[in-house]
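# Here is the input, now give the coordinates:
(one chain, ligands or ions: 1)
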Amino acid sequence: MIYETHTHFDDASFDSDRDEAIQKAVSAGVSAFINVASSMSTSKSSMELAHKYPFFRSSVGVHPEECAALSESDMDILAGYAEDEAVVAIGEIGLDYYWDEPERDIQKKWFCRQIELARKVNLPLIIHSRDAAADTYDILVSEKAKDVGGIMHCYSYSSQMADKFLDLGFYIGVGGVVTFKNGKKLREVVEHIPMERIVVETDSPYMAPVPNRGKRNTSEYLPYIIKEIAAIKGLTPEEVESVTYNNAVKLFGK
Ligand code: NI
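Here you go, the predicted model:
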């Protein structure tokens with residue numbers, strides 16, 4: 001049993017074969033999925049997907065690159081969505097200084113505001129953070145994100161930094177990068193942190209693991225990621241599946 005903690009099956013790249021792609025992932029052993037929102041419109045589509053498939057749950061929230069046009073009324077809409085039974089997290093929210101768009105103050109404002117929302121509705125966070133480790137950490141501390149915890153999705157920082165996020169009660173999301181030739185830094189993080197704080201994710205349709213790198217990614221490829229973690233940790237793939245599954249259940253409550 002595999003718990004996929006980050007996928008985007010509502011993405012248009014699945015429009016022609018969504019059902020089939022989901023069934024293939026189920027056949028590959030995935031039995032629980034978090035479909036992650038990244039905008040106001042995908043908050044809605046993600047939730048609808050979770051209504052259609054009983055083994056799907058959804059997040060709601062707005063990615064830093066999508067936050068320029070946000071307003072307070074959008075926060076009210078998200079708070080309303082968060083009442084839905086299928087909604088188990090706020091995300092993906094955060095900071096992206098790689099693309100650096102919109103300007104950092106705007107990204108920070110809506111990151112803070114959505115953490116506040118998560119605390120109000122008592123749901124964990126799914127964090128997107130790229131080239132912004134220090135500011136992400138500082139905001140998580142100042143906004144008391146420890147109260148709800150969450151996942152550092154697609155983790156790309158150092159082992160030292162990982163320790164600080166673990167201290168805030170966060171899990172480290174490990175995806176396809178762990179299989180990449182240039183994924184050494186993430187493999188070191190996986191070696192360093194306890195198994196009890198790792199969850200697995202694909203971020204599909206992006207970031208396909210080796211041997212499918214460059215193709216459309218799908219949750220069906222999670223076993224490649226699990227196999228790599230197992231090799232690093234000296235465990236069997238079944239052990240990695242079981243621990244990461246339990247970690248996700250602990251965080252999301254189901
Ligand atoms: Ni994502």
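# Report all helices and strands that the lengthiest strand in the chain contacts.
Looking across the chain with DSSP state E, the single longest strand is strand 87-96. Where contact means 3 or more CB pairs under 8 Å, 6 or more residues apart in numbering; DSSP states H and E, strand 87-96 is packed against strand 56-60, helix 104-121, strand 125-130, helix 133-142, strand 150-153. (C-beta placed from N, C-alpha, C; glycine too.)
# Torsion angles phi and psi at the closest residue to Gln107 other than its chain neighbours?
Among residues not flanking Gln107 along the chain, Pro64 sits closest, at 4.4 Å (CB to CB, 6 or more residues apart in numbering). The phi/psi pair for Pro64 (degrees, to the nearest 10) reads phi -50, psi -40.
# what does the one 4 residues further on give?
Main-chain dihedrals, Ala68, degrees, to the nearest 10: phi -60, psi -40.
# How many residues are close by it?
Neighbour count for Ala68, taken as other CB atoms under 10 Å: 13.
# what sits against it?
Glu101, Pro102, Ile106 (CB atoms under 8 Å, 6 or more residues apart in numbering).
# now swap in Thr218 and tell me
Neighbour list for Thr218: Thr7, Phe14, Ala21, Lys24, Ala25, Thr202, Ser204, Pro205 [criterion: CB under 8 Å, 6+ apart].
# pretty sure the residue nearest to Gln107 is touching His128, no?
Yes. Pro64 lies in contact with His128 (CB atoms under 8 Å); the separation is 6.6 Å.
# The two - which one has more neighbours?
Pro64 (28 against 25).
# From Ser242, how far off is the more buried one?
Using CB to CB, to the nearest Å, one obtains 34 Å as the distance from Pro64 to Ser242.
# for Asp74, same thing?
Taking CB to CB as the measure, Asp74 falls 39 Å from Ser242.
# cool, Val121 as well?
30 Å.
# Any figure for the gap between Ile34 and Asn212?
21 Å.
# Out of those two, name the residue with the larger neighbour count.
Between Ile34 and Asn212, counting by other CB under 10 Å, Ile34 is the more crowded of the two (25 against 15).
# How much space separates that one from Glu188?
Look at Ile34 and Glu188: by CB to CB, they are 26 Å apart.
# what do you get for Ala132?
Counting by CB to CB, the gap from Ala132 to Glu188 is 20 Å.
# Who has more neighbours out of those two?
Ala132 (23 against 14).
# ok, for the more buried one, nearest residue in space, not its chain neighbours?
Leu95 (3.8 Å).
# and what of Met195?
Spatially, and ignoring its direct neighbours in sequence, Met195 is nearest to Val243 (5.0 Å; CB to CB, 6+ apart).
# so what's that neighbour up against?
Going by CB under 8 Å, 6+ apart, Val243 touches Met195, Glu196, Ile198.
# which parts of the longest strand of the chain are buried?
Within strand 87-96, the residues that qualify as buried are Val87, Val88, Ala89, Ile90, Gly91, Glu92, Ile93, Gly94, Leu95, Asp96, counting by 16 or more other CB atoms under 10 Å.
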